[in-house]
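A.B. asks: coords please:
(chains A and B)
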Amino acid sequence: MKFLHTFTKGGMLAVFLLLLGNFALAQRTVTGKVTDAENGEALIGATVSVVGTTRGAVTDIDGNYSVEVPEGSTQLRFAYTGYAEEVVPLGASNSVDIAMKPGSVLDEVVVVGYGTVKSKEVTSAVASLKPKDFNKGNISDPAQLLQGKIAGVTISRPGSDPNGEFTIRLRGLSSLSSGVSPLIVVDGIPGVNLNLIDPNDIESIDVLKDGSAAAIYGTRASAGVVLITTKKGSAGRTTATYNGFVAFDQVSRRYKTLDASTFVALGGNDLSPEDGPGDTNTDWFDEVTTTGKSNVHNLSLAGGIANGSYRVSFNYRNVEGILRESGFKQYNSSLSFTQKVLNNRLTIDGGLLITSRNQTFGFLDAFRYAIVANPTAKITDPGNSEYTRYGGYVEKDLFDYFNPVAIIEQNQQNAKGNRLMGNARATYQVIPNLTATLSLAQERFNYDYGEFYSKQSKWRGIGRNGLGIQGTNFYVSNLLEATSEYTVKFQETSNLKILGGYSWQQFDYNGLQATAGNIISNEFANNNLGAFLDFGRGLGTVSSYKGRNRLIAFFGRASLNINDTYFGSLGVRREGSSRFGPDNRWGVFPFVSGGVNLEKLLSLNNVEQLKLRAGYGVTGNQPNQNSLYREVYSQGPLFYYNGNYVPSFGPTQNANPGLKWEEKGEFNVGLDFAFFNYKLTGSLDYYNRLTKDLIIALAVPVPPNFAPTTFDNVASIRNKGFEALLNYANLVETENFTWSPGIVFSKYSITLEDFGRADTLAIAEVGAPGQNGVYYTIAYNNAPLGQLWGPVRTGVNDDGSIAYEDINGDGNLDIDAFNLDQQKIGNGVPSFELGFNNTVTLGNFELNFFLRGVFGHDLANEYRVFYENLDPTAATWNKVDTKYFDESATGKNRFNSTHIEKATFLRLDNASLGYNFKLPTDSWFTNARVYLSGQNLFTITGYTGVDPEPRLGDTGASDNGGRFSTALNPLAPGIDRRSTYFLARTYSFGVNFGF
Amino acid sequence: MKKFPILGKLLLPALFLLTFNNSCTNLDEALFDTVTSDNFLRTEEEFIAALGAAYTGLYALGNHGAYFSVQECSSDETMIPTRGGDWGDGGQWINAHSHQLKPTDPNVNGAWNFLYGGVNTCNRLIAQFTTLKESGSVDGALADKFIAELRVLRAMYYFWIMDTFGNAPLVTRFDVPEGFLPNNSPCRYLQIRYG
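C.D. replies: Reported below is the predicted structural model:
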């Protein structure tokens, strides 16, 4: 894998230096070989430069270099990503071989906003990950590469839906708006969608965690900034690589439900009475799930051209999940290039990323109805005329009861998305210490989405005589950024960098959606909506939208490095958004941070680094939609006027010209350290952040207001936390064997200081069947976020009813009032998270395994909330037979304390065993590797539900063909709704070749 | 290569910026699919669309979980039996049936919001049409016709309010001061109800 590191900026720099060379002076040629000090392998693409000159070279495939050294030069500098930089004095010999030691993290380049710094210069909380640190296995989403790897970054996707989005939360919660996620910056382009990047093309991922680091990105940085650097070509040699794997997904966890004979014995209806009791025993869960097969291929070519370099890459992914019909096919191409012109003073680089993804979603609801479907029912019964209208599928006219196989087989839900980003950047060296950069980028996305429900489908179809939905959405963002950086070096190791910049970004979006029922023929599906009878009858609906918003910013930063000992950074971003009224468009987001390398001041043994740093920064967040500050008239339903149906219009929100930026102020203090010749490295961080002026929709009285809703900056949240990162390189080391462990730890608390109301609000309705008006949680000012709230179950009465505690002791049981006989019964927010990474090498074998645990959170297990007690609904719905199942409980199902389960878990998230072939020197291949990997191999938990992963937000309730919300409510964490895709275990087998 | 003066080199990137100069700090919001009070209520079609908001509220009359549920589930016309946990819904249907409604039952709040939402829409539109009529931007006869319709509609909402909640506040104007809280009036209630 070493050669992957050849795609580094170091290589490009070397070319740059080489080309700048002036050949007039007397010189000699020095040659040599660069190897890894530990295993003697050649380092390909290492940078060799002549100190004090602009001369340089890059090592070739065998680690050899040749460099022209002018007369008077006395030192050579060797650099390679992931290795300690070495400066070697030149003697009389024209041959210098060097063995470089890995492990020195201090000289690694860390990407920060609008630039890079060396790791030792970092003064704020920045986490940096390279491909060797990434999660292994069948990973299609770059977010998953990081899951559990960065302290303070929670990445969660309960279940294993291949089309599911990961929720990324940095250090708790930073906004109450839905869909708040970190700003993604790809190769310097902010606001890019993560799905543009194939995981195979990522060179490094850096996460700006604290306010002082993120504030250079100002307004979209409150939830953190994820900087992705893609792989680039480098001069010196052309490389081609192939990566490919096949993967298999199997169901990892499921609920045990009652079999047919037990179901009938406990009061269930026998839907196949013509058979003997229990003869028809349908395992519905088995019928809706399958072994998901995936195959993934990546081919890339990278190399140098005269005064430049390029890389092209093509990725194909065909991924299937465990739910039938769920999966996607994705084609991704990327191209990047760098070219120097104008006597090397102008560098032009750019790229093109194209991702095309065809998704089939299946129906998550099939899981839910597979759990509760009657096991005595057949899947189809074509001979029975009762089911003819359902196309032969066995359906019953019962509330919230559907044949899960019919849901999947009769209907479809799919999407096609094409995403493209092109960017170009010109960097001009105005004078030796001053560069000016102009960057242009455009991202385009079009997304077609469709659903079709058959005329015979009880699920959403039969009531409309067939239903079709087709929508198309278009998005484009245009970016212009100009920056300039001036560097003053006032000693060999001291410098001052001053950055100034301007950013302009505009987002345009529009779309069209049509929905209609009454299909002439199922054959049209959702592809010919005009043929649907609903349009002729005035029942079909068509809607369209168009919008635009713009962000403009000016920013500046001064960074100071004194003798590699004291570091400081100070700056501000002034940013404006078109989403605010004229008086409040501009916000100012300052930041300051500083650090001191204590090891330079103290004389300590075995201490390579001991850096104390602290910072404070303000970041902002704009509303997630346009025009919230205006009084807006919105369209309501049609009404009949003078023989026509006319759309009605009324005010839906009041004007609030004072609406302004949400602001987060964050203080962070941290310690970075490296001990024992860089063997033990790590960092500790503590932060305290207050996010204020959070925008929420306030309910206001009418009159005097026109509309019952005003958006205002009222809420505030405080997050505090502690994070630790610890790595020990080669903790155990023998001739053939090494073991390098690493630990990631994070702990945080979230307090809702003010949520804009003085009263207590019950939120997250449990829902149907039978639990409308029943809530999972409450919110009030100064409450810790994530309290689950309800009555306390004490046992089962003799008559089978459920006994509850009289909490307020007034002699009356009023379990439905949150202020009477209810109390806090659980906590949905984890107390801490832990990742434990291990790399073991044994000869040519490499084993990597990663354990991830989340501790101290509870989950409300919703399947148990609805389908546990043997009340009269046991005739209709099957029951979940967990360790809590109690045949004597025949009282009504109602959310209570026993449904709250401890969801602490420790999971072997991924493990990968690879074998690197030792190749003969004349081999066509530069490397060859085979590997086996497994994801989610085991989970240790007491939780009996689908997935003990914390639920960061709530999808809300849904029943009888309704839809779960895709916007998660962040005020109600800890609810395992019946919307979770079940969990899979994945096995992959893959190969990597380099040519 | 001939060297440009440094000043010229500085100007080059600056030129890029200048080309964007006129829009370089422009954050005016462009509206495409939205109407606001600035550009709405100017034509007869828009007046009719605005009037519609008073009528379309009535779609919710028969909705489960609000006015209908409070009125009918407490009578002998509709019954929602609770079967085990199914239709338990926090006890609200039993409360309605046994005439022991609680202020926290969702139907009560739903009914109140439905009814006063209707009254408020009528009051708002009466005030808006009166203003438009006075300013001459709407045909007086048309405005009078709309206002008359709205008064009838408002009376109907108040009839339902009285029937549902008894002595509830009567508000017939929209230009109330900030913080306005209406009072109910026992005399007026008895007068309306019993003549």
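A.B. asks: What segments of chain B are strands?
C.D. replies: Applying DSSP state E to chain B gives strands spanning B:35-36.
A.B. asks: least trustworthy helix or strand in chain A by mean pLDDT?
C.D. replies: Every helix and strand in chain A was compared by mean pLDDT, DSSP states H and E; the lowest is helix A:9-20, with a mean of 39.
A.B. asks: helix or strand right after that one?
C.D. replies: strand A:27-36 (DSSP states H and E).
A.B. asks: Helix or strand next in line after that next one, which one?
C.D. replies: Next element after strand A:27-36 (DSSP H and E): strand A:47-50.
A.B. asks: Any idea how many residues pack against the residue of the stretch 451-600 of chain A at minimum distance from chain B?
C.D. replies: In the stretch 451-600 of chain A, the residue found nearest to chain B is residue A:546; the distance is 3.9 Å by Cβ to the nearest Cβ. Backbone N, C-alpha and C define where each C-beta goes, glycine included. A count of nearby residues for residue A:546, using other Cβ atoms under 10 Å in any protein chain shown, gives 15.
A.B. asks: Which neighbouring elements make contact with the strand or helix carrying it?
C.D. replies: Using DSSP H and E, residue A:546 sits in strand A:541-562. Secondary-structure packing of strand A:541-562 (3 or more Cβ pairs under 8 Å, 6 or more residues apart in numbering or on different chains; DSSP states H and E): strand A:494-517, strand A:566-577.
A.B. asks: ok, how many other residues are close to residue 149?
C.D. replies: Assuming you mean chain A. Using other Cβ under 10 Å, residue A:149 has 23 neighbouring residues.
A.B. asks: Hmm, no, I was thinking of chain B.
C.D. replies: When neighbours are counted by other Cβ under 10 Å, residue B:149 registers 16.
A.B. asks: Chain neighbours aside, what residue packs nearest to it?
C.D. replies: In space, and not counting its chain neighbours, residue B:149 is closest to residue B:51: 7.4 Å by Cβ to Cβ, 6 or more residues apart in numbering or on different chains.
A.B. asks: which residues touch that neighbour?
C.D. replies: Residues near residue B:51 by Cβ atoms under 8 Å, 6 or more residues apart in numbering or on different chains: A:641, A:648, B:125, B:146, B:149-150.
A.B. asks: And those, which of them are buried?
C.D. replies: Those of the contacts of residue B:51 that meet the buried threshold are A:648, B:125, B:146, B:149-150, by 16 or more other Cβ atoms under 10 Å in any protein chain shown.
A.B. asks: Low-confidence regions, chain B specifically.
C.D. replies: Residue ranges of chain B with pLDDT under 70: B:1-22, B:186-195.
A.B. asks: most residues in a single helix of it, which one?
C.D. replies: helix B:106-135 (DSSP state H).
A.B. asks: anything in it near chain A?
C.D. replies: Yes: Helix B:106-135 reaches chain A (Cβ under 8 Å from any Cβ of the partner chain) through B:106, B:117, B:120-121, B:123-124.
A.B. asks: Which one of those sits in the busiest neighbourhood?
C.D. replies: residue B:121 (26 neighbours).
A.B. asks: List the buried residues for the strand holding residue A:546?
C.D. replies: Neighbour count says strand A:541-562 has A:547-557, A:559-561 buried, by 16+ other Cβ under 10 Å.
A.B. asks: the inter-axis angle of that strand versus strand A:494-517?
C.D. replies: Here the directions of strand A:541-562 and strand A:494-517 differ by 170 degrees (axes from the mean of the first three to the mean of the last three Cα atoms, to 10 degrees).
A.B. asks: Residue 184: how many residues sit nearby?
C.D. replies: Looking at chain A here, since you left the chain open. Using other Cβ under 10 Å: residue A:184 sits among 22 other residues.
A.B. asks: Can you look at chain B instead?
C.D. replies: Close neighbours of residue B:184, defined as other Cβ under 10 Å, add up to 12.
A.B. asks: likewise residue B:76?
C.D. replies: Number of residues near residue B:76 (other Cβ under 10 Å) recorded here: 7.
A.B. asks: who in the stretch 401-550 of chain A is up against chain B?
C.D. replies: Within reach of chain B by Cβ under 8 Å from any Cβ, the stretch 401-550 of chain A has these residues: A:428, A:430-431, A:436, A:438, A:480, A:482, A:484, A:502, A:504, A:510, A:544-550.
A.B. asks: now stretch A:871-879: mean pLDDT?
C.D. replies: Averaging pLDDT along stretch A:871-879 yields 90.
A.B. asks: For chain B, what is the nearest residue in the stretch 651-800 of chain A?
C.D. replies: Nearest to chain B, among the residues of the stretch 651-800 of chain A, is residue A:773, at 3.3 Å (Cβ to the nearest Cβ).
A.B. asks: which ones are touching the residue nearest to that residue when sequence neighbours are not counted?
C.D. replies: Nearest non-adjacent residue to residue A:773, counting by Cβ to Cβ, 6+ apart: residue B:90, 3.3 Å away. Shown in contact with residue B:90 (Cβ under 8 Å, 6+ apart): A:771-774, A:816, B:105-106.
A.B. asks: need the contact list for the spatially most central residue of chain A.
C.D. replies: Centroid-nearest residue in chain A, with Cα atoms, centre = their mean: residue A:143, separated by 3.7 Å. Applying Cβ under 8 Å, 6+ apart to residue A:143 gives the contacts A:155, A:166, A:168, A:194.
A.B. asks: Can you name the residues of the stretch 651-800 of chain A sitting close to chain B?
C.D. replies: Residues of the stretch 651-800 of chain A lying near chain B (Cβ under 8 Å from any Cβ): A:651, A:655, A:701-704, A:706, A:708, A:769-774.
A.B. asks: mind redoing it with 10 Å?
C.D. replies: Where proximity means Cβ under 10 Å from any Cβ of the partner chain, the interface of the stretch 651-800 of chain A facing chain B comprises A:651-652, A:654-655, A:701-708, A:762, A:765-775.
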